[in-house]
Structures are given as structure tokens and as C-alpha cells.
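> sequence plus predicted model, see below.
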Amino acid sequence: MAEAATPKKKIEEVPEKLHVWPYLVRLEFLCALVVIVALTVWSIVIDAPLEEAANPTKTPNPSKAPWYFLGLQDILVYFDPWFAGVVAPVLIIVGLMLIPYLDVNPKGNGYYTYHERKVAIWVYCFGFLVLWIALIIMGVFLRGPGWNLFMPWQYWDPHKVVALVNVDLPYAFGFRDYTWSAIFGGAVLLAYFGIGTGVYFFMERKAIKSVGFLRMFLKIQLALIMIGIVIKIVLRIGFNIKYIMVTPWISV
Amino acid sequence: MANKAPQIPNIAELMDKIKSGKIFSEIAKEITESQLWTSSFRHGYADTPRNRVLQIASNVWLHLHPVKMHRHALRIKFTWCMGGITFLLFLSTVVTGVILMFYYRPVGEYAYYDMKYLQYDVPFGMLMRNMHRWAAHAMVITVWLHMFRVFLTGSYKPPREFNWVIGVFLVTFTLLLSFTGYLLPWDQLAMWAVTVGTNMARATPFLGNEGPFAEFVGVTPRYDARALLIGGSLVGPPALLRFYVLHCIFIPLIAGALMIVHFWRIRKDGGISGPL
Ligand code: HEM
């Protein structure tokens, strides 16, 4: 499509700047035609779903949120609703808004490059493709009744028996007393964020001057939270660990 | 000019004109120099650089474009055309949505049956509903892809930080638009998806009745963040009305206004980003 901009007859030199009319407007027009035709065909061929009338006394199993929120709904397996349903979305929105203010790498502005900004690309692709898109795909196709995992060839058995073997991290470490469990859990969390932040600042100590303390601090906190979500998923699936810290008010 | 008697055309001359193709330019001249035409369009018809500029600058719809742009910004490989397609899909939902509004009443007793009526009795009702729904779903996907491309090209870097922030608002409102619309068919799918979604608000720290620290604030199931959202303690007719108003008036207005700012900023930030 790049050629669309080039006049057919080669006239002297090709100018760097082009008139929007006709070069861009005609492209937009063509693009719009294609999209509208595709949308119309799609709408003729496939009907929007309409199930039976809403019935508050009949809860379907599984009850799924709209597909674009299924990543968040899946995080509910690993986190309490206050995090998966409220804090995580807020963090995603705020984190996204902060990207231009945290990423101070001047390179790679206005062109595709992987080599000049490897970390940034990795972080975004991981967040978007794995934590968002992959979880949505899983939520749509693999989550069945009781929000249990089913392979595509498996029957969605609403009576599937799942052993409840989850324990909390302090319990796994032998803590039986509520207060001490809470203190232990809190210490683990503090250590995770504290050590993570410390290591990052030590490794990047030369950058503190140029990048700024606040920037680096926010960057590493957001990164640690993102990694923390993955760690909790792994702990849960691999080791049946439910909570890291349990208190009467809030559990993580 | 107005008082000239109509001339009887000379057949031979006319045939000549048709054969040579001159007839087209003559008709074009006749039309583009008429009062009707010149009063509607504020620029000449001839393809001159000046008119190319005026075509954009003197047209209220087109003037959100710059009049000139860098060659690289035309490349579909660069922009994937995703921002433009997102906007087009938004416009499609506005048009089809207004048509749906003619037939749909956001009332517990009627909503579902209005959907049935739309599907089976309204001419092209099913098509309008399908287009509205699929365009909305597609818009969610294209806006994510647009954001992905903007990230990959590093186009959020100075001077475009602010437009990225507006973009994050836009993607949020796109999702909220889709979500509020999801309830309106008032079928099982709608009611339970929205129940699952809005149940989260119950867990809002401090403000949800099941959220952490709620006991210090004193919120109740009938008086917390979720109740504010759905007008009660479960997804019922008040939620339907609330979502309808949010979906058809409040969110589209805000999203539309933000889109205008978004487009304006693209121009003010020096057009589409590119290697400089
Ligand atoms: C309703 C949603 C949106 C619409 C209609 C929209 C529309 C557009 C359009 C038409 C462009 C021109 C270039 C292109 O097509 O790629 C553009 C550019 C841009 N958009 Fe969006 N956009 C939306 C959402 C977003 C989001 C979610 C973000 C990011 C968070 C974003 C950030 C940007 C930026 C930074 C540019 C400038 C790109 C550059 O200079 O290369 N927009 N937008």
C-alpha cells in the first residue's frame, strides 16, 4: 500500500510532504469502504446472540463477564475481588497512563525497533499478550462450570470434583497462630517489594541522577506488582498456595 | 445568463463533443460553476495545489486533518490504519444505535420483547442489531491493536505523552460503552454478565459492602459503590435504566469529545510520529 502515495508518473523529485487531499483522504475512503463491506457481510451472516429473557432466579453456570473482561475474571481465581476487580483495573489504567512519563528512553520514537528498547517491548508484550489476551482466550474457551479448567475436547461437567487442597503460605511454613501468620505474611510481602526495589536501585544506581528517583520507584513498583501476579499464579497452580498474607481485613 | 433562450443543440456538433470526450468537462464546468455548487463548497474545483489545501482547510469535517503530511505516515504498515478504523466503527455504532433507539425501551417489562420485535418484525432490525453489536466488539479489538501499534512505534514519547493519556481514557470508555450496552438486550447473557461484572464493585476497598475496611465506613449492600452503579442491590430494572442512559448519552458524549481532542492533538503534536 505504500505505493498508493507515489504518483504514477515519476515527476522530478518525490516531495517529502504530500497533500492530504487527495492522498490520505482517498486512502481513508477505500479503507472505510472495505471495513463497511466487511461489517455488513459479517452482520448478514452471523446473528447477534439473544438468549431467553433475563431471569434473576436462574443463575447460569458458568456465569461469565463479557469476553473483554475475562482476563480480570480469571485473575479472580488467584486474588480476592478487591484486587482482581477493583485495584487491578485501576492499576492497569494508571500504569498505562504513566508509560510516557516513566519510559524516558528517547530512542525508538516514531518507528518500529526492538533493539533500541528491548525491555519496554518485552514488558508491554508480556502484559498485553500474556496477562490480557492469553487469559481472555483461556477464559472464553477453557473455563467451564464452576470456573474449572476444561480442555477443548472435554465435556463441561458441572459436577466435576476438584480437590480443595489450597493452603496459605504461612500455614505451609508451619505457622498456626493467626497473629504470627499475619506477621509472617506481611513480612514476606514487605521483603518482596523491599528487596525488589533495593536490587533494582542498586543495579541501576548510575541512572538515578538522569532518570529521577520517583520515576524509578514507580517503575519498579509497577513491575513488581506485575511479576507478583505471575508469581501468585505459579504458586497457586504449582504449589496450591492460596494467600501470602491473611488478616481479618485484607488478604493477599 | 439567466435570461438566455435555450439553444437548440447542433446534432453534429454534439456528436463531436461526445466522441472527443469534451462533453464531460463541459458538464463538469456547468455544474461546478453553478450558484448551487459555489455556495456549498468554499474552494474551486480545479485540481490545483491551492484548492487541495482549501479542500481540507475549508471543510468542517476534513479540517481535523492537517493539509499536508509526511509521506511515511501514509503507510498502512506503519499505522495499521487502526485508529481510523476504530473511529469508523464508533461512527457505525452511533448510526445503527440511533436506529435501535427508535424501537427499544429500557424498561424491565419491555426491553427483551423490544429486542424480539426488532429481530422478527422491524424491517432490517436484525441487520441493524447485528451491525451494532459486531461493530462494538470489533471496536474493542481495533482499539487494542491501535494501542499496541502506538506502543510498538514508541509514538507515546515526547511530544505525544498527553495524547497517549487521552488514548488510555478512550480505551477505558470504549470498554465501558461495550459493557453498558451488554445489559440492554435484557436476556440471560446480559443480566448475568453484568451481574458478574458489577459484583466486583461490591469489593471496592472502603466503598463496597464486602470490600476490605468496609466496616470502618459503614456501607451496606443497599448503600455502597455497587448500589450506586446499578441503582439497587441486584441487577434489576433500575440498573437497566442506568446503563441505558450511560450507554446512549453519557459515555458516547464524553468519548466523542475526547476523540475530537485526540485528533486535534495529533495535528498539534506535529502529525503522525515518524523517524526524524
Ligand atoms: C476510541 C478510540 C481511539 C480512536 C478513535 C483513535 C484514533 C486515532 C487516529 C485516527 C490516529 C491517527 C493514526 C492512526 O490511525 O494510527 C490516532 C493516533 C494516535 N493515537 Fe489514537 N485513537 C483511539 C484510542 C487510542 C488509545 C487507546 C491510545 C493509547 C493509549 C491512543 C494513542 C494515540 C497516539 C499516541 C497517536 C499518535 C500516533 C502517532 O503519532 O504515531 N489512541 N488515534
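Done, it's in.
> who's in contact with whatever residue of the stretch 101-250 of chain A ends up closest to the ligand?
Distance from the ligand to each residue of the stretch 101-250 of chain A (Cβ to the nearest ligand atom) is smallest for residue A:110, at 6.5 Å. In this view, the C-beta of every residue, glycine as well, is placed from N, C-alpha and C. Residue A:110 is in contact with B:153-155, B:157, B:273-276, counting by Cβ atoms under 8 Å, 6 or more residues apart in numbering or on different chains.
> among those, which are in reach of chain A?
Filtering those for neighbours of chain A using Cβ under 8 Å from any Cβ of the partner chain leaves B:153-155, B:157, B:273-276.
> anything in stretch B:120-136 near the ligand?
No: contact of stretch B:120-136 with the ligand (Cβ under 6 Å from any ligand atom) is absent, the minimum separation being 11.7 Å.
> tell me the mean pLDDT for that stretch?
Averaged across stretch B:120-136, pLDDT comes to 97.
> ok, stretch B:32-45 next?
88.
> stretch A:181-193 now?
Here stretch A:181-193 scores 94 as its mean pLDDT.
> and that stretch with chain B, contact?
No: on the criterion Cβ under 8 Å from any Cβ, stretch A:181-193 is out of touch with chain B, staying 13.7 Å away.
> which of the contacts of residue A:110 are buried?
B:153-155, B:157, B:273-274 (16 or more other Cβ atoms under 10 Å in any protein chain shown).
> pick the one among these closest to residue B:198.
Among those, residue B:155 lies closest to residue B:198 (Cβ to Cβ), at 34.6 Å.
> quick one: low-confidence parts of the stretch 1-150 of chain A?
A:1-15 (pLDDT under 70).
> mind running it again at 50?
Scanning the stretch 1-150 of chain A for pLDDT under 50 picks out A:1-4, A:8-9, A:12.
> would you map the strands across it?
Ranges of strands in the stretch 1-150 of chain A, per DSSP state E, counting those that start in this stretch, are A:17-19.
> what subset of the contacts of residue A:110 is also close to the ligand?
Among these, the residues within reach of the ligand (Cβ under 6 Å from any ligand atom) are B:153, B:155, B:273.
> could you find the closest non-adjacent residue to whatever residue of the stretch 151-252 of chain A ends up closest to chain B?
Nearest residue of the stretch 151-252 of chain A to chain B (Cβ to the nearest Cβ) works out as residue A:250 at 4.0 Å. Excluding the flanking residues, the one nearest residue A:250 by Cβ to Cβ, 6 or more residues apart in numbering or on different chains is residue B:212, at 4.0 Å.
> wait, that neighbour sits on residue B:205?
Yes: using Cβ atoms under 8 Å, residue B:212 and residue B:205 qualify as a contacting pair, with a distance of 4.8 Å.
> what is in contact with these two at once?
Counting by Cβ under 8 Å, 6+ apart, the common neighbours of residue B:212 and residue B:205 are A:82, A:250.
> neighbour-wise, which of these two wins?
Neighbours were counted for residue B:212 and for residue B:205 using other Cβ atoms under 10 Å in any protein chain shown; residue B:212 has more, 22 against 17.
> just the element for the more buried one, please.
Using DSSP states H and E, residue B:212 falls within no helix or strand.
> quick one: it and residue A:88, what's the gap?
14 Å (Cβ to Cβ, to the nearest Å).
> now residue B:99
37 Å.
> what of residue A:224?
14 Å.
> any chance you could map the helices in chain B?
Remark: helices assigned in chain B by DSSP state H are B:11-20, B:22-32, B:35-40, B:49-57, B:76-79, B:82-103, B:111-120, B:125-152, B:161-183, B:188-199, B:214-217, B:225-230, B:237-245, B:251-268.
> returning to that earlier point: over to the residue of the stretch 151-252 of chain A closest to chain B: give its phi and psi.
phi -150, psi 140 (degrees, to the nearest 10).
> surely it meets residue A:82?
Yes: proximity of residue A:250 to residue A:82 meets the contact threshold set by Cβ under 8 Å, at 7.2 Å.
> shared neighbours of these two, which are they?
Contacts common to residue A:250 and residue A:82, judged by Cβ under 8 Å, 6+ apart, are B:205, B:212.
> quick one: which of those two has more around it?
Taking other Cβ under 10 Å, residue A:250 and residue A:82 do not tie; residue A:82 has more neighbours (24 against 14).
> can you pull the contacts of that one?
For residue A:82, the contacting residues are A:250, B:203-205, B:208, B:211-212, by Cβ under 8 Å, 6+ apart.
> with pLDDT and distance to the ligand as extra columns, can I get the residues you listed in TSV?
Listed next are those as TSV, based on pLDDT from 0 to 100; distance: Cβ to the nearest ligand atom, whole Å:
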residue	pLDDT	distance to the ligand
A:250	85	31
B:203	91	26
B:204	92	25
B:205	92	26
B:208	90	28
B:211	88	28
B:212	89	30
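> which one of these is nearest residue B:28?
Nearest to residue B:28 among the contacts of residue A:82, with distances taken as Cβ to Cβ, is residue B:204, at 64.0 Å.
> check contacts around that closest one.
By Cβ under 8 Å, 6+ apart, the residues touching residue B:204 are A:82, A:86, B:211, B:224-226.
> may I have stretch A:34-42 as CSV, with CA atoms only?
Written as CSV, here are the backbone C-alpha positions of stretch A:34-42 (Å, rounded to 0.1, in the frame of the first residue of the first chain):
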residue,chain,number,x,y,z
VAL,A,34,-13.6,-2.2,2.9
VAL,A,35,-14.5,-2.1,6.6
ILE,A,36,-18.1,-1.2,6.0
VAL,A,37,-18.5,-4.0,3.5
ALA,A,38,-16.8,-6.5,5.8
LEU,A,39,-19.1,-5.4,8.7
THR,A,40,-22.2,-5.7,6.6
VAL,A,41,-21.3,-9.2,5.3
TRP,A,42,-20.4,-10.3,8.9
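> that one: which residues count as buried?
A:35-36, A:39.
> contacts for stretch A:28-48 next, please.
Under Cβ under 8 Å, 6+ apart, the answer for stretch A:28-48 is B:81, B:84-85, B:88-89, B:92, B:126-127, B:129-135, B:138.
> again with stretch B:127-143
Stretch B:127-143 is contacted by residues A:39-40, A:42-44, A:46-48, A:68, B:82, B:85-86, B:89-90, B:92-93, B:96-97, B:99-100, B:115, B:118-119, B:122, B:170-171, B:174-175, B:177-178, B:181 when judged by Cβ under 8 Å, 6+ apart.
> equivalent analysis for stretch B:151-168, please.
Contacts for stretch B:151-168 (Cβ under 8 Å, 6+ apart): A:93, A:96-97, A:99-101, A:103, A:105-113, A:117, A:120-121, A:124, B:78, B:146-147, B:150, B:258, B:261-262, B:265-266, B:269-270, B:272-273.
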